[in-house]
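Novice: below are the sequence and a predicted model; questions follow.
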Amino acid sequence: MPAKKIDPALAAKLASRSTAPLALIIRVEQADDDAAAALAALGFAVHSRTQLLPSFAASGPGAAVAALAEQPWVLAIEEDRPVQAL
């Protein structure tokens, strides 16, 4: 189910209907050129990709997150937030 792919904190932010672009981490089955092109077609700008844990760092409109979650090759979507070292 697509809603399960969206992190709860991101879902809460989406519920506020902010029009600001969102910075996201998008986990995928394969972080290849086809997936990057599909992200671009949905309105997301890819900033980087990783292969160890296939994912993309991308930014784009919050309104497109639901359509992104519908894609079968998308495993999880969360907001790209700063990480604090302990």
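Specialist: Nice, thanks for sending it over.

Novice: distance of the most centrally placed residue in the chain from Lys4?
Specialist: Geometric centre of the chain, nearest residue: Ile26, 3.5 Å, by Cα atoms, centre = their mean. Here the criterion is Cβ to Cβ, to the nearest Å. By it, Ile26 lies 15 Å from Lys4. C-beta here means a position set from N, CA and C on the backbone, and glycine is covered the same way.

Novice: next one: Ala85
Specialist: Ala85 is 30 Å from Lys4, where distance means Cβ to Cβ.

Novice: more neighbours, those two?
Specialist: Neighbour count, other Cβ atoms under 10 Å: between Ala85 and Lys4, Lys4 has more, with 7 against 3.

Novice: strands along the chain, start to end?
Specialist: 22-28, 45-50, 55-60, 74-79 (DSSP state E).

Novice: output the below-cut-off pLDDT ranges for this structure.
Specialist: Scanning the chain for pLDDT under 70 picks out the ranges 1, 18.

Novice: that one: helices as residue ranges?
Specialist: For the chain, the helices defined by DSSP state H cover 8-15, 33-41, 65-69.

Novice: switch those helices over to a markdown table; also include mean neighbour count and distance to Ala76.
Specialist: Shown next, in a markdown table, are these (neighbours: other Cβ atoms under 10 Å; distance: least, Cβ to Cβ, whole Å):
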| stretch | mean neighbour count | distance to Ala76 |
| --- | --- | --- |
| helix 8-15 | 14 | 10 |
| helix 33-41 | 14 | 14 |
| helix 65-69 | 18 | 9 |
